[in-house]
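A.B. asks: Task: produce atomic coordinates for the following.
(one chain, ligands or ions: 1)
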Amino acid sequence: MIKTSFSIPRVSEQARQYVNAVLDFGFHNGSSPGISARLEREFAAKFGRKFGILHANGTGTMQSALMAAGVGVGDEVIVPAYTVFMTASVALYVNAVPIFADVDPETWTISVEDVRRKITPRTKAIIPVSICGLSPDLDPIMELAREHDLVVIEDNAQCFLGYYKGRVVGSIGQFASFSFQGSKHMTCGDGGILICDNEELATRARKAAVLGFSTLSGKPGDTVVPQELRCHPTFQRHTDLGYNYRLPEIAAAVALGEFERLEELVQMRQAAAACLAEALLDCDWIVPQKTPEGYVHSYFTYAVRMLRKDVDWAEFRRQFVKLGGDGFYGAYLPVYREPVFPKLSDQVKKYPKRYPHYAGILPDYREVSCPVWDSIQPYVMQLKTNSFDLEVAEQQAEILAKTISLFS
Ligand SMILES: Cc1ncc(COP(=O)(O)O)c(C=O)c1O
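C.D. replies: I've put the predicted structure just below:
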């Protein structure tokens, strides 16, 4: 891991300049300074893809991908137990059924064996997640997908410029989704992008994201119907059902500026992770997420697991914060344990006629369990890597070492 000295601003000078360019241009219905188009073109190219479709967030991106792939009523979408709610909620948004696969005990990314077990004739898609910034084992997942004719949507909200066996993460599934939400490697507050290679899928995803306007395509910045068509009183605008997930040009301006320093932003996180790793060298009861040979971790967070059951997670955090540590997060609840899921199962059982597409097929999420992740999740600490300054990162690592010594 790299650990060269750095101190970088939260928002780049370039982002400010692009924002000014948008403000100078003003806001018009149908013309823009072309910043969104440029970001779509350049982002897609960086990940070796033909099309990039900006979205208002990295949830809509996955919903559009599912819609573009024709995933809908009664279909099943396999997602990992260790992810955020949104990886699974997008399946519900298209009236499909999220099915949870367990994780690998060391990398905590989706378990290929469990995906294989969970495939049924109803399965239509898999959403493997680069959790904490680490790629899942994508080759066997793609192989399974080919065998069963499934679409693979990489959820890389937490992974920018990670690598999997020599390939940049985001270049492998039929689609890859990224988020520009405030905590992410590159951010414009909120935003996201979906990338892919297939022109037809890109066009359908664009229409899903931009109100189903008839003329739109996956081409860079193609989000507006030409005026000569749209002015006409007989023009049929909406040929498909689409949502409004457009990213404002002003947000795209910030995102373009941040994209242009993406390497630096990723290296900053990797350097912070290297500092934290050093602090753990002499500790045998805190183990990091395993990065397999041939993978490059992009360290959205430096996630570790406490092995000692006599150390209370909350007490460890309290001591860390007391010493000046930047409060880390635990891992999110296994998604199926979020109350919304059993609530939906209950609703479907109670009112099957209101949920004909789920009646008899939606699992009772209360009974879902992924034993590997269920046993690890309570002991995970997601340590922060967004230090923006090497000195701050080193200080945090020292505080971690001191906190460990309090419990040793
Ligand atoms: C793994 C993962 N997937 C999806 C999302 C959704 O992204 P957004 O918040 O931009 O909708 C996030 C982040 O918030 C995430 O961490």
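A.B. asks: Find the residue at the geometric middle of the protein.
C.D. replies: In the chain, the centroid-proximal residue (CA atoms, centre = their mean) is Ala157; its distance is 2.2 Å.
A.B. asks: Show the average pLDDT along stretch 81-98.
C.D. replies: Averaging pLDDT along stretch 81-98 yields 98.
A.B. asks: sorry, that was for stretch 362-381
C.D. replies: 98.
A.B. asks: Tell me which residues are up against it.
C.D. replies: Stretch 362-381 is contacted from outside by 80-82, 97, 99-105, 108, 111, 114, 286, 303-307, 313, 316-317, 328-331, 333-334, 336, 341-342, 344-345, 348-349, 355, using CB atoms under 8 Å, 6 or more residues apart in numbering. Bear in mind the C-beta positions are built from the backbone N, C-alpha and C, glycine included.
A.B. asks: Tell me the buried residues in that stretch?
C.D. replies: 362-363, 365, 368, 370, 372-374, 376-377, 379-381 (16 or more other CB atoms under 10 Å).
A.B. asks: Next: stretch 211-224.
C.D. replies: For stretch 211-224, burial by neighbour count (16+ other CB under 10 Å) applies to 211-213, 216-224.
A.B. asks: now swap in stretch 240-258 and tell me
C.D. replies: Judged by neighbour count using 16+ other CB under 10 Å, the buried positions of stretch 240-258 are 242-243, 245-258.
A.B. asks: Please apply the same query to stretch 318-336.
C.D. replies: 319-320, 325, 328, 331-332, 334-336.
A.B. asks: hmm, back to that, ok, and of the buried residues of stretch 211-224, which contact the ligand?
C.D. replies: Contacts with the ligand within the buried residues of stretch 211-224, as defined by CB under 6 Å from any ligand atom: none are present.
A.B. asks: Now for the residues you listed: which two are most distant?
C.D. replies: Farthest pair in the buried residues of stretch 211-224 (CB to CB) is Gly212 and Pro220. Separation: 19.5 Å.
A.B. asks: residues in contact with the closest residue to the ligand within the stretch 251-400 of the chain?
C.D. replies: When scored by CB to the nearest ligand atom, the stretch 251-400 of the chain has Phe300 as its residue closest to the ligand, at 7.5 Å. Phe300 is in contact with 132-133, 158-159, 183-185, 269, 385, counting by CB under 8 Å, 6+ apart.
A.B. asks: Can you flag which of the buried residues of stretch 362-381 belong to helices?
C.D. replies: If you go by DSSP state H, these have 372-374, 376 in helices.
A.B. asks: Check what pLDDT Ser179 gets.
C.D. replies: 98.
A.B. asks: Then Phe6?
C.D. replies: 80.
A.B. asks: Adjust the sequence numbering to begin at 441 for everything that follows.
C.D. replies: Noted, 441 is the first residue going forward, which turns the last one into Phe446.
A.B. asks: ok, now how distant is it from Asp766?
C.D. replies: 17 Å (CB to CB, to the nearest Å).
A.B. asks: close enough to count as contact, Ala691 and Gly632?
C.D. replies: No: counting by CB atoms under 8 Å, Ala691 does not reach Gly632; the two are 10.3 Å apart.
A.B. asks: can you list residues touching both of these two?
C.D. replies: With CB under 8 Å, 6+ apart as the test, Ala691 and Gly632 both reach Phe620.
A.B. asks: next structured bit after the helix or strand of the chain with the lowest mean pLDDT?
C.D. replies: Least confident helix or strand of the chain, by mean pLDDT, DSSP states H and E, is helix 667-670 with a mean of 93. Per DSSP states H and E, the first helix or strand lying C-terminal to helix 667-670 is helix 689-699.
A.B. asks: do that following helix and the ligand meet at all?
C.D. replies: No: residues of helix 689-699 are not located near the ligand by CB under 6 Å from any ligand atom, the shortest gap being 11.5 Å.
A.B. asks: Check which helices and strands that helix sits against.
C.D. replies: helix 453-465, helix 475-486 (3 or more CB pairs under 8 Å, 6 or more residues apart in numbering; DSSP states H and E).
A.B. asks: What lies in contact with the next helix or strand after the shortest one?
C.D. replies: What it means is helix 475-486. Downstream of helix 475-486, the first helix or strand assigned by DSSP H and E is strand 491-495. The contact list for strand 491-495 (CB under 8 Å, 6+ apart) reads 476, 479-481, 483-484, 501, 504, 631-639, 642, 645-646, 649, 658-660, 685-687, 692, 695.
A.B. asks: For stretch 819-833, measure first residue to last.
C.D. replies: Across stretch 819-833, the terminal residues are separated by 23 Å (CA to CA, to the nearest Å).
A.B. asks: any idea how far that stretch is from the chain center?
C.D. replies: 19 Å (CA atoms, centre = their mean, to the nearest Å).
A.B. asks: Tell me the residues on this structure that lie near the ligand, please.
C.D. replies: So far as CB under 6 Å from any ligand atom goes, the chain lies against the ligand at 497-499, 523-524, 526-527, 569, 595, 597-598, 619, 621, 632.
A.B. asks: how does it look with 8 Å?
C.D. replies: Applying CB under 8 Å from any ligand atom, we find that the chain lies next to the ligand at 497-502, 523-524, 526-527, 569-571, 595-598, 617, 619-621, 623-624, 630-632, 740.
A.B. asks: is it fair to say Pro538 lies in a strand?
C.D. replies: Yes: counting by DSSP: H, G, I helix; E, B strand; the rest coil, Pro538 is located in a strand.
A.B. asks: residues contacting it?
C.D. replies: 516-517, 519, 528-529, 531-532, 775.
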